[in-house]
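Novice: sharing a sequence plus its predicted fold:
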Amino acid sequence: MNNAVNDGVWSGSWVAERLGVGLVGDDALPALLGLALRRNPKRAHLLVSNVLGKHVPQSPAVVYDHGFRLGRRAAALLGPDDAGAAVVLGYAETATGLGHAVADGLGAVPYLHSTRRPVPGVAPAGGFEESHSHATSHLLLPEDPGLLAGDGPLVLVDDEFSTGNTVLNTIRDLHQRYPRRRYVVVALIDMRSAEDSGRLERFARETGARVDLVAAASGTVLLPERVLEKGQELVARYESAGGGPSAAPQPGTVTRVGLGWPAGLPDGGRHGFTPAHRARLEAALPAMAGRVRDALPAGARRVLVLGFEELMYAPLRLARELEQGVDAEVRFSTTTRSPVLAVDDPGYAIRTRLVFPAHDDPADGPGERYAYNVAGAGFDAVVAVVDSAADTPALHAPDGLLARLAAHVPHVLLAVVPSYVPHAPERPVMLPEPLRGPAFSSYAPEEVGWLLQDLSDVTLEAPTEEREEAIQSGGAHYAESLPVEYQPSEQYQQLFHAALDASAARLARAVGVVTETVVTERSPRPVLVSLARAGTPVGILMRRWARFRHGLELPHYAVSIVRGRGIDANALRWLADRHDPRDVVFVDGWTGKGAISRELAEAIREFERKEGVTGFDPEIAVLADPGFCVRTYGTREDFLIPSACLNSTVSGLISRTVLRADLVGPHDFHGAKFYRELAGTDVSVAFLDAVSARFPEVADGVDSAVKELLAADRTPTWAGWRAVERISEEYGIHDVNLVKPGVGETTRVLLRRVPWKILARAGAGTDLDHVRLLAEQRGVPVEEVGDLPYTCVGLIHPRYTRGATGADGKAVNV
């Protein structure tokens with residue numbers, strides 16, 4: 001059922017005929033690949049390898065030999081000296097076993113694969129993103145920190161080399177810290193376009209390193225227009241029609257079999273796998289395979305050894321050994337986190353799909369996992385091989401993997417490999433004390449303590465266009481670099497001061513309202529924790545109001561929160577050690593669509609689950625809530641908050657926060673920079689003083705406003721989120737992350753990102769003067785809209801590449 005060709009039908013023909021996808025190149029490609037469709041917003045089609053041992057059950061000898069032969073070719077390319085000094089790096093999850101086999105082919109060389117499973121106590125040696133993958137974040141967690149530090153060749157192994165983004169991200173990340181003269185990229189298939197090939201060549205010239213490529217076959221995927229939308233439509237249509245095997249399942253038996261895995265032997269390359277480890281595995285394989293063979297039911301003619309996500313090499317080697325010692329036909333495949341549509345058709349690569357919940361307590365939360373082409377494939381027995389971290393109640397649950405297998409296969413054997421735990425130093429007992437001005441920031445030391453680490457000596461800035469391309473392509477997360485600080489023109493600085501003069505009283509009133517609401521409803525002595533950096537000036541103003549009105553000296557700290565990554569857990573630990581979490585009030589400047597509110601709520605739930613510390617209230621207190629996302633606010637008007645007009649020069653000269661695996665370890669605070677060199681243009685304290693000076697004149701108005709507010713229905717309606725979703729669809733963007741609502745967020749788009757256009761509410765007045773000036777400077781059109789729920793909305797350039805801006809950095813309309 002699952003060969004490349006079924007009764008003369010190529011297993012990619014179903015997709016090719018319906019989407020017009022073409023596969024051109026070497027004659028070997030159809031034998032190596034089929035096609036399927038997947039539920040992935042980034043890429044509709046999936047190249048399904050017939051020799052990888054992931055989605056398609058295959059002879060383990062065929063799977064292993066493909067990797068081993070690629071390793072021999074890489075060794076021949078490098079020559080004996082360089083081959084002996086090489087380190088092999090494979091990619092999770094699909095290429096972990098392939099990378100091991102390539103390392104075996106190279107010879108006595110160490111192997112490491114990336115992982116999506118963080119391990120407490122193991123500091124990442126690097127990390128990167130994979131643009132088209134269903135789950136993107138990779139970590140490098142070698143037990144030996146020096147594994148990647150040598151100057152010998154680095155051999156990078158992936159199942160397919162498509163755009164080359166993942167490999168380039170890896171080489172770029174590692175080359176900055178461990179420069180070497182030679183890299184070899186190894187893949188089963190090379191499917192790059194000419195443009196992608198050129199990027200790799202340019203990169204090699206720029207770094208002065210040699211980059212070679214070894215692949216079993218090469219070609220190109222031809223994609224017609226709207227293939228992503230068409231693919232999604234097909235997936236929706238066929239999933240709504242149902243799927244799965246047509247035969248009525250018969251419950252089978254589940255039996256545990258002991259492997260006798262050698263004590264202390266790593267289960268794979270997650271933390272490094274050395275030649276000595278390989279020798280120990282080779283010696284133990286015959287006895288382990290013998291135990292599995294003895295546990296198989298009598299008369300079994302067709303047996304599947306099923307690996308588990310990243311755990312591919314150990315089950316592959318076990319399957320290969322078993323294949324040599326039994327009369328039955330043995331096949332090998334692996335479970336996966338990648339969602340793929342199943343269509344029971346000979347011309348489609350994924351005929352059946354078993355769905356079950358994740359069973360290894362993944363760091364990114366619960367979710368579905370899949371086993372493909374197992375049901376209905378005629379297996380008499382399945383040997384499910386998992387590591388001990390995945391041998392959980394969820395594995396054995398009525399809807400778990402074992403039950404799903406037993407519904408379609410008469411006999412299921414469970415073999416558990418002990419999860420390797422690296423020897424790591426104990427976690428530090430004490431976290432560092434907060435950073436304070438004037439050593440870190442231009443604020444007075446009592447105004448705020450920064451629960452951050454100082455990265456001022458690290459070069460993190462990248463041009464706006466380069467950052468935007470990397471972020472949108474999935475090549476980097478926005479928190480891994482910093483934009484070049486915007487230096488305002490004299491005209492723009494005049495606008496800032498005019499806006500501050502005009503709005504200082506309005507701001508003071510909002511500060512008073514939100515602070516009084518916090519003191520009345522949340523805690524009489526709150527611990528203010530601002531979300532760096534936009535929340536920090538607001539937190540200082542709230543602290544000043546509490547002192548002005550109540551004589552309180554409230555503690556105030558600034559912490560980092562990163563969209564898609566959560567809040568700094570070490571900062572929460574520090575706060576919980578020194579304060580009652582019930583007194584902590586998180587503070588931000590304003591709401592847009594409410595993404596950070598949702599991020600914080602999820603992060604607090606995850607922190608409580610992992611740490612057992614309760615009491616933190618994820619409700620954010622903000623100066624302005626135009627998105628109707630919170631209950632605690634100073635106003636819900638969308639007006640200009642002058643601190644949004646500038647970057648570090650109105651935020652204590654502190655950068656945006658940074659979270660990058662090679663700079664921020666598991667026991668470090670997130671990082672930021674102090675731009676001391678910008679002190680001549682710093683208006684941070686002037687902004688605070690201008691607003692604080694208006695406190696006496698607004699005090700009576702604040703009292704009456706607070707009474708009205710406390711009596712009102714302040715339930716969040718998330719109207720902003722709905723508006724953003726509507727705008728995203730109306731303007732053909734289809735990504736809410738590229739729609740930034742409100743004056744503050746629009747300003748950020750113009751200062752830090754690559755703007756496409758600005759939507760302005762018809763009749764908006766001086767609140768948008770600075771937006772219009774910035775838009776003019778960036779060459780961005782401002783479109784007036786009659787029914788806009790915000791004063792303005794900034795649209796980031798969709799489908800951004802650096803070709804979307806002219807030589808002067810201005811936007812190009814599309």
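Specialist: Yep, it's here.
Novice: touching, residue 528 and residue 588? I think so.
Specialist: No - using C-beta atoms under 8 Å, residue 528 makes no contact with residue 588, being 11.2 Å away. Backbone N, C-alpha and C define where each C-beta goes, glycine included.
Novice: tell me the mean pLDDT over the top strand by length along the chain?
Specialist: Of all segments of type strand in the chain, defined using DSSP state E, the longest is strand 210-222. Computed over strand 210-222, the mean pLDDT rounds to 92.
Novice: and that strand, which strands flank it?
Specialist: The strands that strand 210-222 pairs with in its sheet are strand 22-25 (antiparallel), strand 182-190 (parallel) (by DSSP bridges).
Novice: residues contacting it, please?
Specialist: Contacts to strand 210-222, defined as C-beta atoms under 8 Å, 6 or more residues apart in numbering, come from residues 21-26, 28-29, 32, 45, 47, 66, 69-70, 73-74, 77, 161-162, 171, 181-193, 200-201, 203-204.
Novice: now the buried members of those.
Specialist: Buried subset of those (neighbour count, 16 or more other C-beta atoms under 10 Å): 21, 23, 25, 29, 32, 45, 47, 66, 70, 73-74, 77, 161-162, 171, 182-192, 200, 203.
Novice: and the lengthiest helix in the chain, what's buried?
Specialist: For the chain, the helix that runs over the most residues, judged by DSSP state H, is helix 490-521. Judged by neighbour count (16+ other C-beta under 10 Å), helix 490-521 contains these buried residues: 492-493, 495-496, 499-500, 503-519.
Novice: next: stretch 543-562.
Specialist: For stretch 543-562, burial by neighbour count (16+ other C-beta under 10 Å) applies to 543-546, 548-549, 554-562.
Novice: in strands, which of those residues appear?
Specialist: Counted as lying in strands by DSSP E, out of the buried residues of stretch 543-562, are 556, 557, 558, 559, 561, 562.
Novice: list just the nearest of the residues you listed to residue 628.
Specialist: Closest approach to residue 628 among those (C-beta to C-beta): residue 561, at 20.4 Å.
Novice: show me where the stretch 1-150 of the chain has strands.
Specialist: For the stretch 1-150 of the chain, strands defined by DSSP state E, counting those that start in this stretch occupy the ranges 5-6, 9-10, 22-25, 33-37, 45-49, 87-90, 111-113, 126-129, 137-140.
Novice: might you calculate how far the second one sits from the centre of the chain?
Specialist: So the one you mean is strand 9-10. 36 Å (C-alpha atoms, centre = their mean, to the nearest Å).
Novice: ok, it: who's next to it in the sheet?
Specialist: Using DSSP bridges, the strands paired with strand 9-10 are strand 5-6 (antiparallel).
Novice: average model confidence for the partner strand?
Specialist: On average, strand 5-6 scores 54.
Novice: ditto for stretch 182-193
Specialist: The pLDDT scores in stretch 182-193 average 92.
Novice: chain center to that stretch, what's the gap?
Specialist: Worked out by C-alpha atoms, centre = their mean, stretch 182-193 lies 24 Å from the chain centre.
Novice: same question for stretch 317-327.
Specialist: 38 Å.
Novice: sorry, back to before: turn the strands paired with strand 210-222 into a markdown table, including distance to residue 280.
Specialist: A markdown table is the format used below for the strands paired with strand 210-222 (distance: least, C-beta to C-beta, whole Å):
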| stretch | distance to residue 280 |
| --- | --- |
| strand 22-25 | 40 |
| strand 182-190 | 25 |
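Novice: minimum distance to residue 252: which of the ones you listed has it?
Specialist: When the strands paired with strand 210-222 are compared (using C-beta to C-beta), the closest one is strand 182-190, at 33.1 Å.
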